[in-house]
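S.K.: structure for the following, please:
(2 chains)
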Amino acid sequence: MRSNKVKPGQTRPEPARGSRAAVSPGQVVSYLVLIIWALTTIYPFIWVTLNSFKPKGQIVSSSFSLPIGASFTLDNYKVAFQRVDVGLAYRNSLVISGSVTVLVVILAGLAAYGLVRYVFPGRQWLRNLVVAAMMFPVFATIIPVFGMESAWGITNTDSMLLTWLSIILPQVAGNLSFAIIVLMGYIRSLPVDLEEAAFLEGYGAIRIFFKIILPLARPSFATVAIFVFLWSYNDLFTQMFFLRYKETFTITRLLNEISSQAGTNYGLMAAAVVMAVIPVLIVYVILQKNIIKGLTAGALKG
Amino acid sequence: MKSALTRRPGSGYKLADAMWGYFFVAPVVIGLAVFYAFPFLQNIYFSFCEVDRFNRSSFIGLDNYREMFGSAELYQSTGNTFLYVLLTVPLGIFLAMIVAALLNSKARGQSAFRTLYYLPAITMPAAIAMVWKWIYNGNYGVLNEFLKLFGISGRNWLNESATAMIAVAVVGIWSMVGYNMVILLAGMQGISPSYYEAAQIDGAGALACFFHITIPMLSPSIFFVLITSLISGFQVFDTIYMMIGKTSLAYESTQSLVMLFYRNAFDYGYKGYASAVSIYIFVIILLFTLIQFVAQKKWVHYE
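M.R.: Numbering: from 1, shown residues only, chains lettered A, B, ... in the order given. Below is the predicted model of the structure:
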């Protein structure tokens, strides 16, 4: 405001036309703030990645040095695969979070379709139930759920399949409401014409869902799938409850284990963090438009 | 023959259509009943019981609540949780607002910045906690090395009750700014430029525009961000659990309510008592959410 070249307010409505030659001190300051904040978000990741390629000793003595020449090593990653078996944890994470995602997308998709397009007694009541379920935090249900699953005999067993099932079920249930609400918003906005035409062609309800709704609503199904997968992959609380044996550990659960047991092996810790985070970051960078669009759409409706 | 699709809602239903509706909704309803409604009710009942591993329960009345409200730990954890919320929520929204406003006024690089800022929100909290734990380490943490450059001798941040909660709150703020910023920025972009044009004709400066146009028009987004931040703040678990070890001297002064719940349910197996704690947390969150929904009538403007 004190600068006399460009008033910040003037450029606001048409930022594209903003003058490029004259940069006011105010703009310099604001870019500086933006860049500094960007550095705080990205630098910790870079720093950990660099350190994961250095020998243990050097990480502690000089954590800012670069892993070049003699100080470059892959040992930390070898240890991660041999001693703590990150490969197995990847598999567990993918199986669990993948199954949760597929199940949520299908079940929530069917339910959202039914709640939007079919008229039946109790429909409004069921819609309210779905929204209400969002209110209940996981800690208010987890003890009975764990006990119930113990009674079914699917927790603390030797069977990998049953253990997977024991965590997949509560994670699916925990994501249904969010998914249904987002999908209902999208399906409602689709024109009914195609469904009508298909109906007149003799398509049944299930075929209409898979052949018409699913392809048309693909963007919102994709958004839901991304968020459900991320939530399931990152979630520590539920995993602490249901995954008790090493062979069943997911990446998140394994990180907790490494963090509490590796003590001072910062090389191993760095490698583990990189392997847990980097796949998500890569997917994020590729899909970020979907993610941010979906996020804001959900927020505006919520 | 007409299907449910072609009829307006409220004009009645056909049995066949209703059957399909129930068919589509049934798996979800059963899932929510088995994994939400029933366990939630059972959890309330458990809070009045002693419960063993297989959920065999024996009714003991109000004993769990008596014990809970008589323990200093509950008040300590409640205080810690409130402190965490107080440290993270206002600052987390304020910083997000500044960043969003700066991004909104500059077109160039906007989406790149936004991508970077949202990074912490999609990253596993457990991994974030591990990295920050290392940054804060008293002997070879980056923070202390950095401070050394200025001749300041650092501390053992996570091991001292004076600094541990602040250190954890910084991580909380760092993680939440990106999410809040994306929501607020979307809200700002939805404000019609004509308001700003009109204000400029009246000679309003950038700051006046921000306080008299941006903030009121943005209030629904701010409200949304406030509610989600409060709810997740009261449920803080991952970062504190990962960053503050059981041997830390700051353990007591950082233990959150959900950690108290977790320890009783998981480490000790005091399930009835833990259920009482979970009801207590649930009621606190519910109260704060209700207060916000009542208070919003005073400051949130819907168009």
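S.K.: what does residue 136 show for phi and psi?
M.R.: Picking chain A for this. phi -90, psi 110 (degrees, to the nearest 10).
S.K.: outline the domain layout of the chain.
M.R.: Defaulting to chain A. Domain segmentation of chain A under automatic domain parsing yields A:8-73, A:84-261.
S.K.: to clarify, I was referring to chain B.
M.R.: Taken from automatic domain parsing, chain B resolves into B:13-40, B:78-249.
S.K.: to A:Gln58, which of those domains lies closest?
M.R.: Taking Cβ to Cβ, domain B:78-249 is the member of these nearest to A:Gln58, at 11.1 Å. For the C-beta atoms, the positions are set from N, CA and C on the backbone; glycine is no exception.
S.K.: chain center to the closest one: distance?
M.R.: Averaging C-alpha positions (Cα atoms, centre = their mean, to the nearest Å) puts domain B:78-249 12 Å from its chain's average.
S.K.: end-to-end on it?
M.R.: Length of domain B:78-249, first residue to last, Cα to Cα, to the nearest Å: 18 Å.
S.K.: for stretch B:205-217, same thing?
M.R.: The first and final residues of stretch B:205-217 sit 17 Å from each other (Cα to Cα).
S.K.: rewinding a little: so of the domains of chain A, which one's packed in deepest?
M.R.: domain A:84-261 (a mean of 19; mean count of other Cβ atoms under 10 Å in any protein chain shown).
S.K.: what helix or strand is the most centrally placed residue in chain A on?
M.R.: The residue lying closest to the centre of chain A (Cα atoms, centre = their mean) is A:Leu230, at 1.7 Å. A:Leu230 is part of helix A:218-234 when elements are defined by DSSP states H and E.
S.K.: tell me if whichever helix or strand comes after that helix is near chain B.
M.R.: Going down the chain from helix A:218-234, the next helix or strand is helix A:237-242, by DSSP H and E. Yes: residues of helix A:237-242 are located near chain B by Cβ under 8 Å from any Cβ of the partner chain, namely A:237, A:240-241.
S.K.: and the angle for the helix or strand that helix A:237-242 is followed by with helix A:218-234?
M.R.: Proceeding N to C from helix A:237-242, the next assigned helix or strand is helix A:251-261, under DSSP H and E. Counting by axes from the mean of the first three to the mean of the last three Cα atoms, to 10 degrees, helix A:251-261 lies at 20 degrees to helix A:218-234.
S.K.: can you pull out the residues in contact with helix A:251-261?
M.R.: A:84, A:86, A:89-90, A:92-93, A:233-236, A:239-240, A:243, A:246, A:249, A:268-269, A:272-273, A:275-276, B:124, B:126-127, B:129-130, B:133, B:242, B:245 (Cβ atoms under 8 Å, 6 or more residues apart in numbering or on different chains).
S.K.: can you give me the neighbour number for B:Tyr45?
M.R.: 14 (other Cβ atoms under 10 Å in any protein chain shown).
S.K.: now do the contacts for it.
M.R.: Residues counted as contacts of B:Tyr45 (Cβ under 8 Å, 6+ apart) are B:Ser57.
S.K.: and the domains of chain B: which comes nearest A:Asn156?
M.R.: domain B:13-40 (18.3 Å).
S.K.: please see if the closest one touches chain A.
M.R.: Yes: applying Cβ under 8 Å from any Cβ, one finds domain B:13-40 touching chain A at B:13, B:17-18, B:20-25, B:27-29, B:31-32, B:34-40.
S.K.: just those: which are in helices?
M.R.: Counting by DSSP state H, the part of those found in helices is B:17-18, B:20-25, B:27-29, B:31-32, B:38-40.
S.K.: wait, A:Asn265 touches A:Pro55, no?
M.R.: No: taking Cβ atoms under 8 Å as the definition, A:Asn265 is not a contact partner of A:Pro55, at 11.4 Å.
S.K.: so where's chain A uncertain?
M.R.: The model of chain A has pLDDT under 70 over residues A:1-22, A:262-263, A:295, A:297-302.
S.K.: what does the stretch 201-303 of chain B put close to chain A?
M.R.: Proximity of the stretch 201-303 of chain B to chain A (Cβ under 8 Å from any Cβ) is limited to residues B:204-207, B:209, B:221, B:224, B:231, B:235, B:237-238, B:241-242, B:245, B:258, B:261-262, B:265-266, B:271, B:274-275, B:278-279, B:281-282, B:285-286.
S.K.: in chain B, which ranges drop under the pLDDT threshold?
M.R.: B:1-13, B:54, B:106-107, B:303.
S.K.: quick one, strands of it?
M.R.: Secondary structure of chain B (DSSP state E): strands at B:49-51, B:57-59.
S.K.: on contacts alone, who are the packing partners of the first one?
M.R.: Helices and strands touching strand B:49-51, as assessed by 3 or more Cβ pairs under 8 Å, 6 or more residues apart in numbering or on different chains; DSSP states H and E, comprise strand B:57-59, helix B:271-299.
S.K.: hang on, isn't B:Ala208 packed against B:Asp202?
M.R.: No: in this structure, B:Ala208 is not within contact of B:Asp202 by Cβ under 8 Å, at 9.2 Å.
S.K.: between these two, who's got more neighbours?
M.R.: B:Ala208 (15 against 7).
S.K.: so what's the more buried one closest to, chain neighbours aside?
M.R.: Nearest non-adjacent residue to B:Ala208, counting by Cβ to Cβ, 6 or more residues apart in numbering or on different chains: B:Ala199, 7.1 Å away.
S.K.: for B:Ile213, see how far away that neighbour is.
M.R.: 6 Å (Cβ to Cβ, to the nearest Å).
S.K.: also B:Ser221?
M.R.: Taken as Cβ to Cβ, the span from B:Ser221 to B:Ile213 is 14 Å.
S.K.: looking at the two, which is more packed in?
M.R.: B:Ser221 (24 against 17).
S.K.: now the more buried one, nearest residue through space, not along the chain?
M.R.: B:Ser221's closest residue in space is B:Gly187 (Cβ to Cβ, 6+ apart), at 3.1 Å.
S.K.: got the contact list for that neighbour?
M.R.: B:217-218, B:220-222.
S.K.: same thing but at 10 Å, please
M.R.: A:296, A:299-300, B:100, B:104, B:214, B:217-222, B:224-225 (Cβ atoms under 10 Å, 6 or more residues apart in numbering or on different chains).
S.K.: so which of these are in helices?
M.R.: Going by DSSP H, the helices hold A:296, A:299-300, B:100, B:104, B:217-222, B:224-225 from the contacts of B:Gly187.
S.K.: of those, buried ones?
M.R.: A:296, A:299, B:100, B:104, B:217-222, B:224-225 (16 or more other Cβ atoms under 10 Å in any protein chain shown).
S.K.: surely B:Leu74 and B:Glu67 touch.
M.R.: Yes: the criterion here is Cβ atoms under 10 Å, and B:Leu74 meets it with B:Glu67 at 9.3 Å.
S.K.: overlap in contacts, the two.
M.R.: Common neighbours of B:Leu74 and B:Glu67, counting by Cβ under 10 Å, 6+ apart, are B:Ala276.
S.K.: re earlier: any shared contact partners between A:Asn265 and A:Pro55?
M.R.: Counting by Cβ under 10 Å, 6+ apart, the residues touching both A:Asn265 and A:Pro55 are A:Asn76.
S.K.: for B:Gly21, which non-adjacent residue is spatially closest?
M.R.: A:Tyr118 (3.2 Å).
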